[in-house]
Each structure stands twice: as structure tokens, then as C-alpha cells.
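Participant: generate coordinates for the sequence data below:
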Amino acid sequence: MYRYLFFDADGTLFDFNEAENHAFYQMAQELGFSATSGQLLLYKACNEACWKAFERFEITQETLKTKRFEDFFAAEHLAFDPALASTSYQRFLSRQGILYKQSRPLMDELIQRGYTLYLATNGIAEVQRGRLEVSGTGMYFKDIFISEEMGSQKPDSTFFSLMLERTGLESNRQECLMIGDSLVSDIGGGLLAGLDTLWLNKGGAGVNSTLIRPTYEMGSLPEMLDLLLPLTERSAQP
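Facilitator: Here you go, the predicted model:
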């Protein structure tokens, strides 16, 4: 029986795509250029490539912060300072507390049903802490695990070991469920740590071409309520 739910943030509870859009255009305006939709898409590709390299332990998070802008500016032949762009972008991104519309109702219901919620995210502390404050969602989580603060990132087993140690749940892994949209960092990392996992494959649009096999796969946040029944109700089942 699950009692402890570890949620990923971006792409799971938070609409990072929309947050990224706002922050990118605001950053461009502050730097002094009128960004196009094509440039936004190019930046997103550079950013995603850097985060994937980070997950593969090929670059550090500190390097990631500026490299995504170095790559973007080089591809667009723009003469802006990547470090300045990074600082501006992170500041604007930290103000984007955009949740999926189902996120808050889901968390409210899960807490009412007796579950303990945690947040486990690969992210920059300034950005994630800011977004939690703006969205008013910090209160939902008993503890918050951010890769930059922990010195380790999903899917590294160290991230999960530190997380379980801090929560005191090393011996209660069977009661824990890791929930996220990334097959590699959330699901792969969770499985390696001995946790059951739930892959949030929104709309069933993702294709699992990996060897990673999540314990559960669901296409929307509300579907989780069919699995995560009220704890008193589950305890009463034979």
C-alpha cells in the first residue's frame, strides 16, 4: 500500500513549457532583441539537449546554466553574454508558478485521502524555490528535494538514497511511489532505487523505446485517483 508519493515538478505538476515561453521572451526583451517563435523553439532544443547531457552526467548543472545560451547564441549568430542571459532567464523563470489545471485539485484530494507528498526535481534551486513560492504550492509537500541543493540529480542513485535517508523511508520503499514524466530521470532512477514508479505519459503521446518498464503508466493526472484510493478505504479491503 502506497503512503508516500514523490512527485517530479516540471512536466508533471508544473507546466514548464508555458513557463519557459514567458521567461524566454522576457529575457530577450531585457537583453534588447525581439525574439521570434523560431528562436524560442531553437532555444528549447538547446536547453533540452543540455538537460539530457546533465542527466547523463556529461555536464554539471553550473555548466548547463550558460551552455544552453552559448549554443543558442552561436546558432543564431547573436553577440550577447550567455552568463547575463542565464541570470536574466532564471530570474524571470523563478516568477512563473504555472501549474497544470489538474495539479492543485489532485494534490488537495491526495492529501485529503491521507497521502504524504514530496517533491523531487532536477532543477536550479533559485528557480524552483521561486516558482513554489509564486504558485503557493510549497505547503503541499512534507519535504522538497532539488538536485542543485542535494549535489546530485535524478537518475543518480545518490539522489534517491539521500532522499530516502532524509525522509527516514529507507525501510519503507514498498510504501513509496515515484511519479514523473521522464522515463530516464524519474522512472529509471526510481526503479534503480527500488521504488515503484508511475510514468505520467500525458495523453499517451510518448513512446517508450527504452528498456525501462514503469510499474504504472497513466495518461493524465486525474487517473492517479483510481489507483491511489483513500488510505482508510484501502486498509479496510481484505
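
Participant: contacts for the longest helix along the chain?
Facilitator: Ranked by residue count, the top helix of the chain under DSSP state H comes out as helix 37-55. Residues from elsewhere that reach helix 37-55 (CB atoms under 8 Å, 6 or more residues apart in numbering): 20-21, 24-25, 28, 59-61, 64, 67-69, 71-72, 75-76, 122, 153-155, 182, 184-185. C-beta coordinates here come from the backbone N, C-alpha and C atoms, glycine included.

Participant: helices of this protein, start to end?
Facilitator: Ranges of helices in the chain, per DSSP H, are 16-31, 37-55, 61-76, 82-93, 103-112, 125-135, 147-150, 157-167, 189-192, 224-227, 231-236.

Participant: make CSV from those helices and add distance to residue 176, mean neighbour count and mean pLDDT to it.
Facilitator: Listed next are these as CSV, based on distance: least, CB to CB, whole Å; neighbours: other CB atoms under 10 Å; pLDDT from 0 to 100:
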stretch, distance to residue 176, mean neighbour count, mean pLDDT
helix 16-31, 24, 18, 96
helix 37-55, 21, 16, 94
helix 61-76, 25, 18, 96
helix 82-93, 29, 19, 96
helix 103-112, 14, 16, 98
helix 125-135, 21, 19, 95
helix 147-150, 17, 18, 94
helix 157-167, 8, 17, 97
helix 189-192, 9, 22, 97
helix 224-227, 14, 13, 97
helix 231-236, 14, 11, 66
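
Participant: for those helices, which one sits closest to residue 118?
Facilitator: Ranking the helices of the chain by their distance to residue 118 (criterion: CB to CB) puts helix 157-167 first, at 6.8 Å.

Participant: elements contacting that closest one?
Facilitator: Applying 3 or more CB pairs under 8 Å, 6 or more residues apart in numbering; DSSP states H and E, one finds that helix 157-167 contacts strand 116-121, strand 143-146, helix 147-150, helix 189-192.

Participant: residue 137 and residue 104 touch, don't they?
Facilitator: Yes - with contact defined as CB atoms under 8 Å, residue 137 reaches residue 104; the gap is 7.4 Å.

Participant: wait, residue 125 sits on residue 144?
Facilitator: No - applying CB under 8 Å as the test, residue 125 and residue 144 come out as separate, 9.8 Å apart.

Participant: give me the nearest residue to residue 115, chain neighbours excluded.
Facilitator: residue 5 (5.3 Å; CB to CB, 6 or more residues apart in numbering).

Participant: residue contacts, the one you found?
Facilitator: Contacts of residue 5 by CB under 8 Å, 6+ apart are 110, 115, 116, 117, 118, 176, 177, 179, 228.

Participant: who does it form a beta bridge with?
Facilitator: residue 117, residue 177 (DSSP bridges).
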